[in-house]
Each structure stands twice: as C-alpha cells, then as structure tokens.
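Enquirer: Curious how this folds, go ahead:
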Amino acid sequence: METNKILGAVILALLLLALFSKTGEMLVHPDFPDETAYKIDVPEEGSQSESSEEAVDPFEALGDIMPLLQTASLENGEKLSKKCSTCHSFNSGGANKAGPNMWNIVNRKKASKDGFAYSAALVEFGGKWTYSELNKFFLKPKKYIKGTKMNFNGLKKDSDRADLILWLRSLADNPAPLN
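Expert: Numbering: from 1, shown residues only. Sure, this is the predicted structure:
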C-alpha cells in the first residue's frame with residue numbers, strides 16, 4: 001500500500017508539472033527573431049574604406065587644452081599622478097626610476113633629463129613638453145610617439161589629462177605661464 005501512495009504522488013507531480021508547463025506556454029507567447037545573431041559588416045581586404053580609428057587622427061581631433069587648464073583640479077591631478085609614481089619621481093632633484101623625474105617637466109626639452117636612457121624614438125621626436133604635447137602624449141603615449149618605452153595606456157578623459165598637466169605644471173620653482 002505504501003508503494004502505491006509514493007508512485008501515485010510521483011505521477012501526480014509529473015502531471016502537475018506538465019499542466020503548469022502547458023499553461024505557461026499558452027499565457028506567454030515569446031517572439032523569437034528569425035536570426036539569433038547580429039550581422040557585422042566586415043569590409044573586404046583591399047577595399048577603399050579605412051577603419052574609423054585610422055581615418056581620424058585622434059591627436060589632430062584633440063581640442064585646445066588651455067581652456068581646460070583654467071578649470072582643472074590640482075587635487076585630482078595629484079590623485080592621478082599616483083599611477084605614475086611607480087615609474088616616476090616628482091620632487092626637485094629626485095632620482096630617476098623606470099621613468100625620468102618629472103620635476104619641471106612643462107616646457108622642458110624632450111628626452112633631456114640627465115642620467116636617464118630615453119628611447120631612440122623619443123630622442124628623435126624632439127621638441128619641448130608643451131601643454132599641447134603633454135596632452136597628446138598622455139592620450140595614448142605609444143601611439144603618439146611610436147617606439148617609446150613608456151608603458152602607460154593613457155588617459156581618455158580630457159579633464160583628467162588637464163588635471164594631471166596642471167599638477168605637473170605646479171612641480172617647478174617657477175611654473176610655466178598658462179597662456
């Protein structure tokens with residue numbers, strides 16, 4: 001008699017499960033698309049269209065950094081520099097680490113810090129670390145100066161770059177003018 005009760009309970013449970021399943025299917029009518037994947041258009045090799053990254057030079061598309069420097073935050077710039085402190089020192093007369101000391105970097109000649117072995121790419125690039133140059137470099141260092149040793153992905157936000165540049169500007173006996 002016990003076996004019959006157990007078997008009856010199992011059969012009843014299966015019937016109820018089937019009943020609820022059918023009732024649920026009748027109440028909900030999901031609309032499935034004919035295609036379950038998104039089509040991605042991939043240009044063929046040798047076609048005239050370029051990728052959007054190659055077509056637009058990100059460094060030419062950058063706006064003027066000077067207006068952003070007027071409202072930049074020294075505090076946020078200092079916070080952002082903590083990422084850099086692994087490889088760079090920031091105090092006057094500080095030692096070079098994996099990267100050169102950053103004291104008085106604004107308007108300093110590129111690759112000019114004594115006692116540091118710069119990459120040939122940076123030496124050949126030449127020029128000064130102006131506000132504009134720092135802005136471009138901090139966007140994507142390895143793309144701006146191909147062959148640089150700097151292992152940093154860059155800062156995407158304009159405001160973050162402005163904050164960091166303003167903070168670096170403050171690291172000098174006579175900070176460069178904001179003009």
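
Enquirer: What does residue 9 show for phi and psi?
Expert: Here is the backbone geometry of residue 9 (degrees, to the nearest 10): phi -70, psi -40.

Enquirer: That should have said residue 109, apologies.
Expert: Residue torsions, per degrees, to the nearest 10, at residue 109 are phi -60, psi 140.

Enquirer: quick one: contacts for it?
Expert: Neighbour list for residue 109: 127, 128, 129 [criterion: C-beta atoms under 8 Å, 6 or more residues apart in numbering]. Bear in mind the C-beta positions are built from the backbone N, C-alpha and C, glycine included.

Enquirer: helix or strand right after the helix or strand bottoming out on mean pLDDT in the chain?
Expert: Lowest by mean pLDDT, DSSP states H and E among the helices and strands of the chain is helix 52-55, with a mean of 54. As assigned by DSSP states H and E, the chain's next helix or strand after helix 52-55 is helix 66-70.

Enquirer: quick revisit: take the contacts of residue 109 and keep only those in strands.
Expert: Among those, none falls in strands (DSSP state E).

Enquirer: and these as JSON lines, adding distance to residue 84?
Expert: Conversion of the contacts of residue 109 to JSON lines gives the following (distance: C-beta to C-beta, whole Å):
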{"residue": "127", "distance to residue 84": "21"}
{"residue": "128", "distance to residue 84": "20"}
{"residue": "129", "distance to residue 84": "14"}
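
Enquirer: Farthest from the middle of the protein: give me that residue.
Expert: residue 1 (71.4 Å; C-alpha atoms, centre = their mean).

Enquirer: do you know how far that one is from residue 15?
Expert: Between residue 1 and residue 15 the distance is 21 Å, computed by C-beta to C-beta, to the nearest Å.

Enquirer: Check residue 161 too.
Expert: 67 Å.

Enquirer: Now do the helices in the protein.
Expert: Along the chain, counting by DSSP state H, helices occupy 2-27, 52-55, 66-70, 74-81, 120-125, 131-139, 141-144, 158-169.

Enquirer: By mean pLDDT, show me the worst of those.
Expert: Of all those, mean pLDDT reaches its minimum on helix 52-55 (a mean of 54).

Enquirer: Could you check stretch 68-83 and say which residues are buried?
Expert: By 16 or more other C-beta atoms under 10 Å, the buried positions in stretch 68-83 come out as 68, 69, 72, 73, 76, 77, 78, 80, 81.

Enquirer: whoops, stretch 91-102 was the one
Expert: When burial is assessed from 16+ other C-beta under 10 Å, stretch 91-102 yields the following buried residues: 96, 99, 100, 101, 102.

Enquirer: Many thanks, have a good one.
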